[in-house]
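Enquirer: Provided below for reference: sequence and predicted model.
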Amino acid sequence: MLKQSKISTMPSQSDVFNLAWPLALKAVMLHGIILIDAYLVSALGEEALAAMGIAGSLSGLLLGVNFAFSSATQIRIAQAFGSADAIALKTGFFCGLFINLAATFLGLLVLFFVSGDVIRNFAHNAWIAEQAMAYLSVFTIVIVSQSINSSISSHFNGCGKSKVPFYGFLISVPLNIFLSIVLIQGLFGMPELGVMGAAMGSAISSVVQMLYLVIRFYQIDGAFIGVQGWLRGTFSNSTKRHLIFSLPIAATFVSSSLAQNICGLIYAKMDIYAFAAMTLITPWIVVAGTISISWSQATGIFIGQLLGKNSDSTEIDKFLSRSWRSGFVASGIVATGYLAVCLSSGWLYADIQDVTRAALLGFLPILLLLPFPKGSNAICGNTLRAGGDTVYVMKIFLWSQWAVRVPLTAILVLYLEVSVFWVFSMLLLEELVKFPAFHMRLFKGQWKKNLNAEG
């Protein structure tokens, strides 16, 4: 049953931190699924990493779909939690779960028909294509289980219980590492599966995590069995309303994931050492970046709760200003993390070639700058979404990705064949393009009125 009450005080930065750190660690572990696989596979050489990179680009797209719709559900849950409406909480969760599963299976259907041609076109040789297909076929189990995991996690996050999904990852990640090592190398009498072994370890651990979250959802909220009715009268009407709200948010995240993974496939056209460097650094960007991104998500959750209970506009502005300053500190921590990864690349990836390691070190100037505009943009985006200004956020992402980053990446790689440093710099350029549009919209303040206008 529902165990919460309306927020009676303005959240402090300590409250934001208490919500953000489990979000950050959970996100690190989620994105760490592919990072762990890449790290363990790196011992097999650059060709195995190339197979991982291609398969990871396709599987990452569907994980992005999961994250997209779950992010929309998280906002709806936060608003419902702020209003202390049990029916709204139930409606937000089950509508979000239904939409997430439907989108996942639709994505898997498309992947079934196109993945073979895509992998064969971008793989450097037949062995890489074969290994990429093997990895992807097993990783579909991860995609399905994560669609359920992310829905339940979004419910707990929106209610301020971010530690619950975090504990699920504390169970699954060590299990993933152990099983992947065993199955990649063929230890303890198990078959030596190579690249596919990494996917197998991820699949088993994701299913275990799913079982844990389902049990905790029933224990904490009773799966809303005792809550009667739907917010919009029927489940069908509620789902349609939820989908209308979710589509701009989902389009934003799907676009980001699609752009990222299309760029990943374009990177495959670089020489194998440059591509290996990009394959190694990309998961670190995602994983380390979750520190500032999770801070912005926690800020957005509290903004959604405050708007749900009609808090005073001046108080919301004060809270947002404090959270913004703290977010700048989080970005500095991310930059320090990137510095540590680059400087320790010789120890982390002892089996890669010197030219690959040199490319990793060359990324450092961009990595030291990237977290600051990216973190500030993330706070703007999550705040605007919490206020219902989802279409504008979507437009910013679509324009910066498809008019700037993706075409410029294609030109630099496919036609100009420039250094991998300049290809990598497109990540920073995208954030600089988004910066003025995000901040001007936030300062206008219309987002504080959108939720009430929506009704």
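Expert: Yep, that arrived.
Enquirer: now A48: how far from A268?
Expert: According to Cβ to Cβ, to the nearest Å, A48 and A268 sit 14 Å apart. The C-beta positions use only the backbone N, C-alpha and C, and glycine is treated the same way.
Enquirer: and what of F98?
Expert: Taken as Cβ to Cβ, the span from F98 to A268 is 35 Å.
Enquirer: Compare the two (neighbour count), which wins?
Expert: Remark: of F98 and A268, A268 carries more neighbours, 22 against 17, as counted by other Cβ atoms under 10 Å.
Enquirer: That one: what's it in contact with?
Expert: A268 makes contacts with 50, 53-54, 57, 122-124, 275, as judged by Cβ atoms under 8 Å, 6 or more residues apart in numbering.
Enquirer: Name the residues of stretch 39-58 that are buried.
Expert: 39-42, 44, 46-58 (16 or more other Cβ atoms under 10 Å).
Enquirer: Next up, identify which helix or strand the residue nearest the centre of the chain is on.
Expert: For the chain, F67 is the residue whose C-alpha lies nearest the centre (Cα atoms, centre = their mean; 5.6 Å). For F67, the host element (DSSP states H and E) is helix 46-83.
Enquirer: Give the other helices and strands that that helix contacts.
Expert: Helix 46-83 sits against helix 13-41, helix 86-122, helix 126-158, helix 195-221, helix 235-267, helix 272-308, helix 371-386, with contacts defined as 3 or more Cβ pairs under 8 Å, 6 or more residues apart in numbering; DSSP states H and E.
Enquirer: pull the CA atoms of stretch 120-129 into PDB?
Expert: What follows is stretch 120-129, C-alpha atoms only, in PDB (Å, rounded to 0.1, in the frame of the first residue of the first chain):
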ATOM      1  CA  ARG A 120      27.800  -6.900 -41.900                       C
ATOM      2  CA  ASN A 121      28.100  -3.500 -43.500                       C
ATOM      3  CA  PHE A 122      30.000  -1.900 -40.600                       C
ATOM      4  CA  ALA A 123      32.200  -4.900 -39.500                       C
ATOM      5  CA  HIS A 124      35.800  -4.900 -40.700                       C
ATOM      6  CA  ASN A 125      35.800  -8.600 -41.400                       C
ATOM      7  CA  ALA A 126      33.500 -11.700 -41.200                       C
ATOM      8  CA  TRP A 127      34.800 -12.800 -37.700                       C
ATOM      9  CA  ILE A 128      33.900  -9.400 -36.200                       C
ATOM     10  CA  ALA A 129      30.400  -9.600 -37.800                       C
END
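Enquirer: How far off centre is it?
Expert: With Cα atoms, centre = their mean, to the nearest Å as the basis, stretch 120-129 stands 27 Å off its chain's centre.
Enquirer: do the same with stretch 271-289
Expert: 16 Å.
Enquirer: S321: how many residues sit nearby?
Expert: When neighbours are counted by other Cβ under 10 Å, S321 registers 10.
Enquirer: Quick check: it vs A38, distance?
Expert: Counting by Cβ to Cβ - S321 and A38 are separated by 39 Å.
Enquirer: looking at the helices and strands packed on helix 46-83, which is closest to V173?
Expert: Smallest distance to V173 across the helices and strands packed on helix 46-83 (Cβ to Cβ): 4.7 Å, for helix 13-41.
Enquirer: pLDDT below threshold where in the protein?
Expert: 1-9, 22, 25-36, 450-455 (pLDDT under 70).
Enquirer: Next, the residue lying farthest from the centre of it: secondary structure please.
Expert: Distance to the chain centre peaks in the chain at G189, reaching 35.6 Å (criterion: Cα atoms, centre = their mean). Look at G189: counting by DSSP: H, G, I helix; E, B strand; the rest coil, its state is coil.
Enquirer: hmm, back to that, can I get the helices and strands packed on helix 46-83 in CSV with distance to Y415?
Expert: Shown next, in CSV, are these (distance: least, Cβ to Cβ, whole Å):
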stretch, distance to Y415
helix 13-41, 28
helix 86-122, 17
helix 126-158, 24
helix 195-221, 31
helix 235-267, 11
helix 272-308, 16
helix 371-386, 27
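Enquirer: so which of those helices comes closest to T409?
Expert: Closest among these, using Cβ to Cβ: helix 235-267, at 5.0 Å.
Enquirer: relative to helix 86-122, how tilted is the closest one?
Expert: Angle of helix 235-267 versus helix 86-122, following axes from the mean of the first three to the mean of the last three Cα atoms, to 10 degrees, is 30 degrees.
Enquirer: could you check the angle helix 272-308 makes with the helix holding F67?
Expert: With the same axes, to 10 degrees defining the directions, helix 46-83 sits at 0 degrees from helix 272-308.
Enquirer: Helix 195-221 and helix 46-83, what's the angle between them?
Expert: Helix 46-83 and helix 195-221 meet at an angle of 10 degrees, taking the same axes, to 10 degrees as the criterion.
Enquirer: So what's the gap between helix 46-83 and the chain middle?
Expert: Put simply, helix 46-83 sits 5 Å off its chain's centre (Cα atoms, centre = their mean).
Enquirer: And stretch 196-206, by the same measure?
Expert: Computed by Cα atoms, centre = their mean, the chain-centroid distance of stretch 196-206 equals 19 Å.
Enquirer: what does stretch 327-339 give?
Expert: In terms of Cα atoms, centre = their mean, the centre of stretch 327-339 is found 18 Å from the chain centre.
Enquirer: what do you get for stretch 377-390?
Expert: 16 Å.
Enquirer: which residue sits closest to R76 in space, ignoring its chain neighbours?
Expert: Of all residues not flanking R76 in the chain, G92 sits nearest, at 4.0 Å (Cβ to Cβ, 6 or more residues apart in numbering).
Enquirer: Contacts only, for the one you found.
Expert: G92 makes contact with 73, 76-77, 80, 155, 158, 231, 242, according to Cβ under 8 Å, 6+ apart.
Enquirer: List just the nearest of those residues to V144.
Expert: Nearest to V144, judged by Cβ to Cβ, of the contacts of G92 is T73 at 17.3 Å.
Enquirer: Name the nearest residue to that closest one, sequence neighbours excluded.
Expert: Nearest to T73 is G96, by Cβ to Cβ, 6+ apart, at 3.0 Å.
Enquirer: do D351 as well
Expert: Excluding its sequence neighbours, the residue lying closest to D351 (Cβ to Cβ, 6+ apart) is A43, at 5.2 Å.
Enquirer: Please apply the same query to A68.
Expert: Spatial nearest neighbour of A68, chain neighbours left out: F253 (3.2 Å); criterion: Cβ to Cβ, 6+ apart.
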